[in-house]
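Trainee: Have a look at this prediction, sequence included:
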Amino acid sequence: MDETDLMIVHPHLDVTGGSEKLTLILVEELVKRDYSIVVLSRNFSQEFLRLSGRVSYEKFRQVGLDLGDKRLNRITELYVSFSEVVKEYDPRIVFAMIQEPVYLVLSKIIAPRKKTAIYIHFPFEEEVTRENIDMFIDMYRFPGFYEDMFKYVDLKLTNSNYTARVLYEHFRLESNVVYPAIPWEYYEEEIDLGEDPGPTIISVGRFVPHKRLDVLLKLFRSHIKPRVRDSKLIIVGVPDERYLDYYERLKNMALSTEDVELVDRPLTPRQLLSYYRRARVYVHLRIGEHFGMAPVEAMTQGAIPILPLKSGLAELLTHGWNGYVYGDDSELVNYIVRVLEMPRKEYLEMRRRVYRKSLYFTPERFASDIVGYLGV
């Protein structure tokens, strides 16, 4: 087979998450530009497979070895997978779309002259625990095992200045920042910037503890609803099998709180944007979020973002101009109430500025930045 432009690696492209969506966005844009691509993963969603014929797909090989250690078994399977795929497709660059440098170290062992690159969402795995570590390994993830391997990757890309600073502070490694993108569907239909959806708040994220959606429910019940009596709250997300107890608790809290709607099923971009359009305010509660695609999605539909100061998300905003950043939950409540009670004219002016900011995060810009740094 002729040399392939790019081999893209992500371990679980059958999961609904930010890195998986971003990988699909990149593949779609590169296909438009006639790049030859092979994608390697444990498994694929139907969204990826619909591109078959224009993209080659390969799955990790399960070789059936038992070396007495699950990590070693998985790494051996990856070595076999990379050996076969690199030999067959001869990619110019091997690019990992998640912070797993193990893949690229294996690639260097197999083909030392191959250029390698990685897109780092955050240089540490923040969700790993003793209880769920086996689930990560089953998905060909190796938290706590790989951080010292970043230095062996040729090109390091990060999703925000926040992540770039963490990478440098801990590993003294420099990187190039490429902000993520959101799907084209959020831009296809122009919104009415003169429309006011009323005093509704929305937050979107997986139902996991560090997203702090339970905190938002408590704040809405005890501090926001009493001050803005006609306010409403929409929470959209999907359960995570590692945190089903947390999901059940959220459901019970939502059912027992007036004017709260909990949407707990996967939504297409077109379905999700209809929820964003119902809200004046988008709120993100996770502290230390390296970047989040949901705030940008909400901004394309005119929702005013309120984001934590300690995060890459804060880089999106000019405080008080096209959103607000908060330092603690008390500030968060005050900014939410401020936007919910904002006079219509002032609100619509900010809404227009928010929308204009969102236009930067297109798939075309993201792919152009990636291609520029990769040199393909």
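Mentor: Sure, I can see it.
Trainee: Need the three-state assignment for Ile370.
Mentor: Here Ile370 is recorded as helix under DSSP: H, G, I helix; E, B strand; the rest coil.
Trainee: That one - how many residues pack around it?
Mentor: If you count neighbours by other Cβ atoms under 10 Å, Ile370 ends up with 22. All C-beta spots, glycine's among them, are computed from the backbone N, C-alpha and C.
Trainee: what's the spacing between it and Gly320?
Mentor: When distance is defined by Cβ to Cβ, to the nearest Å, Ile370 is 32 Å away from Gly320.
Trainee: what does Ile336 give?
Mentor: For Ile336, the distance to Gly320 equals 14 Å [Cβ to Cβ].
Trainee: more neighbours, the two?
Mentor: It is Ile336, of Ile336 and Gly320, that has more neighbours when counted by other Cβ under 10 Å, with 28 against 11.
Trainee: Correct me if wrong, but that one is in a strand.
Mentor: No - applying three-state DSSP, one finds Ile336 to be helix, outside a strand.
Trainee: Can you give me the buried ones in stretch 140-157?
Mentor: For stretch 140-157, a neighbour-count test (16 or more other Cβ atoms under 10 Å) marks 140-143, 146-147, 149-150, 153, 155-157 as buried.
Trainee: of those, closest to Asn176?
Mentor: Leu157 (5.4 Å; Cβ to Cβ).
Trainee: Closest to Arg165 out of the buried residues of stretch 140-157?
Mentor: Arg165 has its nearest neighbour among those in Lys156, at 13.2 Å by Cβ to Cβ.
Trainee: State the distance from that closest one to Tyr187.
Mentor: Separation of Lys156 from Tyr187 (Cβ to Cβ): 29 Å.
Trainee: Skipping adjacent residues, who's closest to Tyr152 in space?
Mentor: Val105 (5.4 Å; Cβ to Cβ, 6 or more residues apart in numbering).
Trainee: so that neighbour touches Met149, yeah?
Mentor: Yes - in terms of Cβ atoms under 8 Å, Val105 counts as a neighbour of Met149; the distance is 5.2 Å.
Trainee: domain ranges for this protein?
Mentor: 4-181+362-374, 185-358 (automatic domain parsing).
Trainee: Please work out the average pLDDT along the shortest one.
Mentor: So that's domain 185-358. Average pLDDT, domain 185-358: 92.
Trainee: can you map out the strands along the chain?
Mentor: For the chain, applying DSSP state E gives strands covering 4-9, 37-41, 56-59, 91-96, 115-120, 155-158, 176-177, 200-204, 232-236, 260-263, 281-283, 304-308, 324-326.
Trainee: looking at the ones you listed, which is buried most?
Mentor: Highest mean neighbour count among these (mean count of other Cβ atoms under 10 Å): strand 281-283, with a mean of 28.
Trainee: And the contacts of that one?
Mentor: Contacts to strand 281-283, defined as Cβ atoms under 8 Å, 6 or more residues apart in numbering, come from residues 200-204, 216, 276, 294-295, 298-299, 303-306, 332, 336, 339-340.
Trainee: Pull up the pairing partners for it, direction included.
Mentor: For strand 281-283, the paired strands and their directions (DSSP bridges) read strand 200-204 (parallel), strand 304-308 (parallel).
Trainee: Tell me, how many residues neighbour Gly68?
Mentor: For Gly68, using other Cβ under 10 Å, the count is 7.
Trainee: Any figure for the gap between it and Val80?
Mentor: Distance, Gly68 to Val80, using Cβ to Cβ: 18 Å.
Trainee: Now do the contacts for Arg227.
Mentor: Contacts of Arg227 by Cβ under 8 Å, 6+ apart are Val337.
Trainee: ok, longest helix in the protein?
Mentor: helix 70-89 (DSSP state H).
Trainee: which other helices and strands contact it?
Mentor: strand 4-9, strand 37-41, strand 56-59, helix 102-110, helix 133-138 (3 or more Cβ pairs under 8 Å, 6 or more residues apart in numbering; DSSP states H and E).
Trainee: rerun at 6 Å
Mentor: For helix 70-89, the elements it packs on are helix 102-110, helix 133-138, judged by 3 or more Cβ pairs under 6 Å, 6 or more residues apart in numbering; DSSP states H and E.
Trainee: can you list contacts of that helix?
Mentor: The contact list for helix 70-89 (Cβ atoms under 6 Å, 6 or more residues apart in numbering) reads 1, 4, 38, 40, 58, 60-63, 65, 67, 106-107, 110-111, 137, 140.
Trainee: how far does it sit from the chain's center?
Mentor: Helix 70-89 sits 26 Å away from the centroid of its parent chain (Cα atoms, centre = their mean, to the nearest Å).
Trainee: do stretch 41-51 as well
Mentor: Worked out by Cα atoms, centre = their mean, stretch 41-51 lies 17 Å from the chain centre.
Trainee: okay, that stretch in PDB with CA atoms only?
Mentor: Taking Å, rounded to 0.1, in the frame of the first residue of the first chain, the C-alpha atoms of stretch 41-51 are listed here in PDB:
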ATOM      1  CA  SER A  41      -9.000   2.000  18.100                       C
ATOM      2  CA  ARG A  42     -10.500  -0.700  20.300                       C
ATOM      3  CA  ASN A  43     -13.900  -0.100  18.800                       C
ATOM      4  CA  PHE A  44     -15.900   2.500  16.700                       C
ATOM      5  CA  SER A  45     -19.300   4.100  16.900                       C
ATOM      6  CA  GLN A  46     -21.600   4.100  13.800                       C
ATOM      7  CA  GLU A  47     -20.800   7.800  13.400                       C
ATOM      8  CA  PHE A  48     -17.200   6.800  12.600                       C
ATOM      9  CA  LEU A  49     -18.100   3.800  10.400                       C
ATOM     10  CA  ARG A  50     -20.300   5.800   8.100                       C
ATOM     11  CA  LEU A  51     -17.100   7.300   6.700                       C
END
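Trainee: ok, back up a step: which stretch among the helices and strands packed on helix 70-89 comes nearest Arg286?
Mentor: Going by Cβ to Cβ, the one of these nearest Arg286 is helix 133-138, 19.4 Å.
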